[in-house]
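Trainee: okay, predicted coordinates and the sequence, questions at the end:
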Amino acid sequence: QVQLVESGGGLVQAGGSLRLSCTTSGLTFSDYAMGWFRQARGGERLFVAAISYTGDRTNYADSVKGRFTISRDNVKNAVYLQMNSLKPEDTAVYYCAGDYYGDAGTLGYDYWGPGTQVTVSS
């Protein structure tokens, strides 16, 4: 059974940092591109960042470029999202997702985690 579990969310002041983690099981992690998405209350789920299954390509939404960094550890079967200079508009539930042999795209993800809440206060 494939499982993705996010952690590291919480409450932070504007300008602060958080590091989200997503651990996986039940899949061959190195075969999957990994992505982060977010959904604000009342909004739709939006792409945030992704890293290819080879780890050599990353992709970011314009709204987070220069502030967020995605990385992966194929030994720990985990993907991370370092979020710096957080803004109130970054407040959302953050989800990680896996895309089989993906190339860090924004669509077509096969597996999803349950999400972790990030709240940025002004």
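Mentor: Great, that's in hand.
Trainee: do you know how far residue 109 is from residue 98?
Mentor: From residue 109 across to residue 98, the span is 6 Å (CB to CB, to the nearest Å). In this view, the C-beta of every residue, glycine as well, is placed from N, C-alpha and C.
Trainee: shared neighbours of those two, anything?
Mentor: residue 35 (CB atoms under 8 Å, 6 or more residues apart in numbering).
Trainee: list the contacts of residue 37.
Mentor: Neighbour list for residue 37: 45-48, 94-97 [criterion: CB under 8 Å, 6+ apart].
Trainee: could the residues you listed go into CSV alongside neighbour count, distance to residue 64 and secondary structure?
Mentor: CSV is the format used below for the contacts of residue 37 (neighbours: other CB atoms under 10 Å; distance: CB to CB, whole Å; DSSP: H, G, I helix; E, B strand; the rest coil):
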residue, neighbour count, distance to residue 64, secondary structure
45, 15, 15, strand
46, 13, 10, strand
47, 19, 10, strand
48, 25, 6, strand
94, 23, 11, strand
95, 22, 14, strand
96, 32, 15, strand
97, 23, 16, strand
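Trainee: which strand or helix spans the residue lying closest to residue 81 once chain neighbours are set aside?
Mentor: Nearest residue to residue 81, sequence neighbours excluded (CB to CB, 6 or more residues apart in numbering): residue 20, at 4.2 Å. Using DSSP states H and E, the element containing residue 20 is strand 18-25.
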